[in-house]
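Undergrad: Predicted structure and sequence below. I'll ask about it afterward.
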Amino acid sequence: MKNPEGPVEEFLRYCETERGYSSHTVINYRNDLLEFFRFIEKPCYEVTPLDIRSFMEHLYDIDRARTTINRKISAIRSFFHYHIREGHLESDPSVHITSAKTFRHLPDFLTMEEMALLLNSLPETTEKELRDKTILELLYATGMRVGELVGLKREDIRFEDRLVRIMGKGGKERLSPVHERAFRLLSRYLDVRSSEEERIFLSLRKRPLQERDIRRILDHALYSMAFAKHITPHKIRHSFATHLLERGADLRMVQELLGHSSLSTTQVYTHVTMETMKKVYQKCHPRGGKKSE
């Protein structure tokens, strides 16, 4: 294991084939691990806890975000845990390394009015326009991740129940209902799409779309309507969760719809809705404005 690239690639193959990690996660893991080994300039079997701490200090010094540091530490931990389990190494230098403390930021999202403005402004005349509008409507209708959307196949659509089967992180499946408007668009798009390809969303050359294509589609929609806010597909997911909770949805139901393995991950949205609730309270309560003299 003198050259780290061999063990790194073996670990990444395991992540992709056995753990079902997305291509985005695998790419991040590769970059994180190669950056670590370039920094310490040691083979895997010589790495010590001090090396990992030195790498963390280096990341602090160059002002990397704490969430980024924690992702890199997670990659390093997973890497060593895998090679210990496979019998390639005798000791795990990452076992006592703790993550950087982070401050939980509230997720950014669109209001219901902004979301409606975006979706209602999209044309649906041509096949491309219909595809693009269906994509954005479906992201908001289900809260699915972009990687989950581009992986959708015809067999994942249950027309009789208006349900979509979503393959989430780690190969975990979940079913999501789809409201009538989005499902009607999806049905129309499948009717006009002339291809036997299993993947649902295709380019004009009938090739499956990639995650970067979805971001371009959203950017084009925003540019064409001169939308003021910067929006990513993930903000549509945040908006989906926030709007459901604001309208009374149960937190555990939202957890299931988002595909979160832990309820604590979903609970961040309760802080968002609480901030909205405070603003509405201050505006609407008879004594919520200026203090009485």
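TA: The structure has been received and is ready for your questions.
Undergrad: tell me the contacts of the residue positioned nearest the centre of the chain?
TA: The centre of the chain sits closest to residue 145, judged by C-alpha atoms, centre = their mean, with a distance of 4.9 Å. Under the criterion of C-beta atoms under 8 Å, 6 or more residues apart in numbering, the neighbours of residue 145 are 168, 234, 237, 259. Bear in mind the C-beta positions are built from the backbone N, C-alpha and C, glycine included.
Undergrad: Quick check: the two most widely separated of those?
TA: By the measure C-beta to C-beta, 168 and 234 form the most distant pair in the contacts of residue 145, at 14.5 Å.
Undergrad: Neighbour count: these two, which is higher?
TA: When residue 168 and residue 234 are compared for neighbours, residue 168 comes out ahead with 19 against 15, by other C-beta atoms under 10 Å.
Undergrad: what are the phi and psi angles of that one?
TA: Backbone dihedrals for residue 168, given as degrees, to the nearest 10, come out at phi -90, psi -160.
Undergrad: Now secondary structure and pLDDT too, for the contacts of residue 145, in TSV please.
TA: Shown next, in TSV, are the contacts of residue 145 (DSSP: H, G, I helix; E, B strand; the rest coil; pLDDT from 0 to 100):
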residue	secondary structure	pLDDT
168	coil	86
234	helix	87
237	helix	91
259	coil	87
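Undergrad: Let me have those residues in a markdown table, extended by distance to residue 68.
TA: Shown next, in a markdown table, are the contacts of residue 145 (distance: C-beta to C-beta, whole Å):
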| residue | distance to residue 68 |
| --- | --- |
| 168 | 23 |
| 234 | 16 |
| 237 | 20 |
| 259 | 23 |
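Undergrad: and of the residues you listed, the nearest to residue 32?
TA: Looking across these and measuring by C-beta to C-beta, the closest to residue 32 is residue 234, at 19.9 Å.
Undergrad: quick one: the helices in the stretch 101-250 of the chain?
TA: 112-120, 127-142, 146-150, 180-192, 211-224, 233-246 (DSSP state H, counting those that start in this stretch).
Undergrad: just for the stretch 101-250 of the chain, where's the confidence low?
TA: Applying pLDDT under 70 to the stretch 101-250 of the chain flags residues 101-107, 228.
Undergrad: State the pLDDT value of residue 70.
TA: On the pLDDT scale, residue 70 is placed at 89.
Undergrad: still on that earlier bit, relative to residue 31, which of the helices of the stretch 101-250 of the chain is closest?
TA: The nearest among the helices of the stretch 101-250 of the chain, by C-beta to C-beta, is helix 211-224 at 16.2 Å.
Undergrad: No further queries at this time; thank you.
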